[in-house]
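Q: Sequence plus predicted model, see below.
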Amino acid sequence: MLRNSAAILVLFLSAAAAGFAEGTRTWEQSNYQDFLKGTAHGVAISSDGFLQLAPAFKLIATTPSSAIWATAIGPQGEIYAATGAPARIYRIVPGGKPVAIFQPQELQVQALVVGKDGAIYAATNPDGKVYKIEAGVVTEAANDGRDAGRSKNKDDHSAKQDDKAAKQSDQSKPETTNPTNGWKSSVFFDPGTKYIWSLALDETGNLYVATGDHGQIFRVMPNGDHSLFFKSDEPHIRVLAFDSQGNVIAGSDGSGLIYRITPKGDGFVLYSAPKREITNLAIDKAGNIYAAAAGEKRGGGSAAATLTVAIPAAPKAPDSATPSAGASSAGPPAESAVTLNSSNAAIPGGSGIYKIAPDGSPSLLWNSHDDLVYTMAFDSQGHLLAGTGNRGNIFEVSGREDYTELVKAEASQITTFAKAPNGGLYASTSNLGKIFLLSSAPDAEGSYESDVFDTQVFSKWGRAQFRGTGNVELFARSGNVDNPDRNWSTWTRVDLQKNAEITVPPARFVQWKAILHPGDKAPRVDSITVNYLQKNVAPEFDDVTVTPSVRYQPVARPPGLQPGQRFDPQPGPIHDSDSIGVKWTARDQNDDQMVYSVYYRGEGQTRWLLLKDNLSEKFYSFDAALLPDGGYEIKVVASDSPSHSPGEALSSERESDHFEVDTTPPQIQDLKASVQGGKIHVQFRAADSFSTIKRAEYSFDAGDWHFVEPVGQLSDAKTENYDFALPIPEDQSGQEHVVVVRAYDRYDNMNSAKTVVPGR
């Protein structure tokens, strides 16, 4: 007999495609998450779940620096790139190599704008300045007229800040860097702040300078006169842009605020984003403001932030402090917001793009836990593009949760965009510092390789099913290791115009590749389905367990369970001395549906006798009385016949350990009781036909049961003799007495008998 154990019911549910895919099976890729697992070259992946040709994306320049923080386009279409590690400004003409034209002493050139006259304004970090760089001209009097340009702001604190800036300008004047490749530079403005994050030029040539640690924006006129334009209560003003009315739109780090500031310097908070830092701003022709934000927003966001710029001295990929883009600049994010590296780890707090309509109403447009938006721009069709890290992706964002992954750069972060000829965009990167041209036209050809699919079992391939449009070629290859580079078959074309048969060798792993070609109809892949047939493998057993005196309770199928879902209950044992419980664990590599048959065989017998067949559960209980006392074995046979045609099924079997059945109680023989010397002398014999006697007990005159030892004390035989004496109470001497005895065998079968001792 088994000791009682708790009954635990566990339901294992699996989809029909995973468990009941009998015969031919399919592997389908048809949604965004499926396609993200593959590798795209010139192919864009839509959030709606299809592949299409991406815009052409071409590397045009590689700088010696690790990161490009900002880019600007000159009057002749030349590119100027502001970099760090080392800090440089590079000039790149079409078809040419980067040429350094500015090499400051600071760690990085943070922000960059080009005036209508071709003059370059560049901001450096940390404790940096704004430099003016011109071709062949040394601007000795860049700060002349500073006395007239000192702050006219009536606020005392603002005036002090402006005086400090002017004083530092005095100290730096007439600082002029050594000419570099014919270019001259001089300090144009020193704000006296720790960081300069962004620069922006208005239509009249006024330069706006966004700074930290005090969250200030300065306005510097073309002649160098300057004033404190706006003072926030945020630690940093990170990005600047202009709307169509000439207002300054500014984003902060600290509380993630977006300000609208009039030309007079009056500020209004348009939106407090759910993120800590505004990383970029873009404004469309309709007046919608798009704000990229990142970082976990903490309480008391206006507290001062501590920002660390960590740029390696050598021009190789930095481990940390990668850039966060501004409207006209990019740079390392504040420690208070997000600390990034070149890994693909999730971003604390995530990243999002928020849209602020002209009426001021905000809405979330896009969000991600894995991609941080550094920069945004509009393509020639007015589509919003977002450059991200740390996977170097460019997304086209069309609407709420409607986006397309256009390209993936060979760098960790897309840091800044700049307008390119013919409607394209220059996309600059960090880790490493490169410049790419994102065309307004689709690539001449695109290819996409799926992820590797494991069928789990050696399989042969059927036909491919293609759903899409346009000129698309499909290829396949197969192998028996999970790495396609380790001696897989070659790519073999799948003829979609005929029977689309996949003719690669039978194997365990398979992969497909689609090549998209331009045509009258744009090529598009909506889904690819591979049909395959696994080689049938016989079921396998882990164990078969037999427990006498246990019954497994059948479990009812839940009413809400779909017909295509498997129900595989784990029964709980119930104590039942009249039952024998059998339980087994079996599995099938093909995940076929299985049926089971249970047999038994007595000790010394050669023939297996059927107890039950066509079982779908992995347990069975039966009446122990069906088996005479003795030793037995159980055999369970598993067959995958429900999943295969007749003659194709396979089976396997597993035998249990030896077990014994004993349902017959021992016999009480020769029970005698008599009065001798004032005591009752009791004798009896307990005998069992199969198992040993476990114990015996007696009761005197309906009293409690008391253990009694056999003659010889050890109870280890099928027959045991008992001989003992019971004292008679003095007040009951000469009365009639009743003695009852009982005995148990090893399986707790019990029998009893009684005898009456007559009185005098």
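A: Happy to help now that I have it. Residues are numbered from 1 along each chain as shown.
Q: how about A427, what does it touch?
A: 57, 387, 394, 409, 414, 416-417, 435-438 (Cβ atoms under 8 Å, 6 or more residues apart in numbering). In short, each C-beta sits where N, CA and C put it, glycine included.
Q: Which members of the residues you listed occur in strands, if any?
A: Among the contacts of A427, the members found in strands (DSSP state E) are 57, 387, 394, 414, 416-417, 435-438.
Q: Need the residues you listed in TSV (columns: distance to G251, neighbour count and pLDDT).
A: Output for the ones in strands among the contacts of A427, formatted as TSV (distance: Cβ to Cβ, whole Å; neighbours: other Cβ atoms under 10 Å; pLDDT from 0 to 100):
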residue	distance to G251	neighbour count	pLDDT
F57	28	20	95
G387	16	31	97
I394	21	26	97
I414	18	33	96
T416	15	34	97
F417	16	26	97
I435	25	24	97
F436	25	25	97
L437	28	20	96
L438	24	24	96
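Q: Need the residues you listed in TSV (columns: distance to Q605).
A: Below are the ones in strands among the contacts of A427 laid out as TSV (distance: Cβ to Cβ, whole Å):
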residue	distance to Q605
F57	77
G387	78
I394	76
I414	77
T416	85
F417	84
I435	85
F436	80
L437	84
L438	81
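Q: Those: which two are farthest apart?
A: Spatial extent of the ones in strands among the contacts of A427 (Cβ to Cβ) is set by the pair F57 and T416 at 15.5 Å.
Q: so how far is L112 from W366?
A: Applying Cβ to Cβ, to the nearest Å, the value for W366 to L112 is 27 Å.
Q: In contact with the residue lying closest to A427 once chain neighbours are set aside, which residues?
A: Spatially, and ignoring its direct neighbours in sequence, A427 is nearest to F436 (4.7 Å; Cβ to Cβ, 6 or more residues apart in numbering). F436 makes contact with 57-60, 409, 426-429, according to Cβ under 8 Å, 6+ apart.
Q: separation between F436 and I120?
A: Computed as Cβ to Cβ, the F436 to I120 distance reads 22 Å.
Q: S439 now?
A: On the measure of Cβ to Cβ, S439 and I120 end up 26 Å apart.
Q: Same question for F458.
A: From F458 to I120 the distance is 65 Å (Cβ to Cβ).
Q: Of these two, give the one with the bigger neighbour count.
A: I120 (23 against 13; other Cβ atoms under 10 Å).
Q: if I look at the more buried one, how far off is S66?
A: 21 Å.
Q: quick revisit: and W366 and L112? Which one has more around it.
A: Neighbour count, other Cβ under 10 Å: between W366 and L112, L112 has more, with 28 against 24.
Q: got the contact list for the closest residue to T503 other than its chain neighbours?
A: Closest residue to T503 apart from its sequence neighbours, by Cβ to Cβ, 6+ apart: T492 at 5.6 Å. Taking Cβ under 8 Å, 6+ apart, we find T492 in contact with 475-477, 502-504.
Q: Out of these, which sit inside strands?
A: Checking the contacts of T492 against DSSP E, those in strands are 475-477.
Q: Can you go through the residues you listed and name the buried ones?
A: 475-477 (16 or more other Cβ atoms under 10 Å).
Q: In CSV: the contacts of F436, plus distance to Q33.
A: Putting those into CSV (distance: Cβ to Cβ, whole Å) gives the following:
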residue, distance to Q33
F57, 23
K58, 29
L59, 29
I60, 33
A409, 22
Y426, 31
A427, 25
S428, 29
T429, 26
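Q: between those residues, which is closest to S645?
A: F57 (51.5 Å).
Q: ok, now which ones touch that closest one?
A: 42, 406-407, 409, 427, 436-439, 443.
Q: Tabulate those residues (CSV), appending distance to H681.
A: Below are the contacts of F57 laid out as CSV (distance: Cβ to Cβ, whole Å):
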residue, distance to H681
G42, 105
L406, 104
V407, 104
A409, 103
A427, 108
F436, 109
L437, 114
L438, 110
S439, 114
D443, 109
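Q: G572 is in contact with R551, isn't it?
A: No - in this structure, G572 is not within contact of R551 by Cβ atoms under 8 Å, at 10.2 Å.
Q: check which helix or strand covers W461.
A: Element membership for W461, per DSSP states H and E: strand 453-469.
Q: same deal with K521?
A: With DSSP H and E as the test, K521 turns up in no helix or strand.
Q: Now do the same contact list for it.
A: Per Cβ under 8 Å, 6+ apart, neighbours of K521: 469-471.
Q: Ramachandran angles for it?
A: phi -110, psi 130 (degrees, to the nearest 10).
Q: going forward, begin numbering at 642 instead of 1
A: Will do, 642 is the new start, and the previous item becomes K1162.
Q: buried stuff in the helix or strand harbouring I1221?
A: Counting by DSSP H and E, the element that carries I1221 is strand 1214-1228. Going by neighbour count (16+ other Cβ under 10 Å), the buried part of strand 1214-1228 is 1214-1215, 1217, 1220-1225, 1227.
Q: Let's have the residues you listed in a markdown table, adding distance to S913 and pLDDT.
A: Output for the buried residues of strand 1214-1228, formatted as a markdown table (distance: Cβ to Cβ, whole Å; pLDDT from 0 to 100):
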| residue | distance to S913 | pLDDT |
| --- | --- | --- |
| P1214 | 61 | 91 |
| I1215 | 62 | 92 |
| D1217 | 68 | 91 |
| S1220 | 69 | 93 |
| I1221 | 71 | 95 |
| G1222 | 65 | 96 |
| V1223 | 67 | 97 |
| K1224 | 61 | 96 |
| W1225 | 62 | 96 |
| A1227 | 60 | 95 |
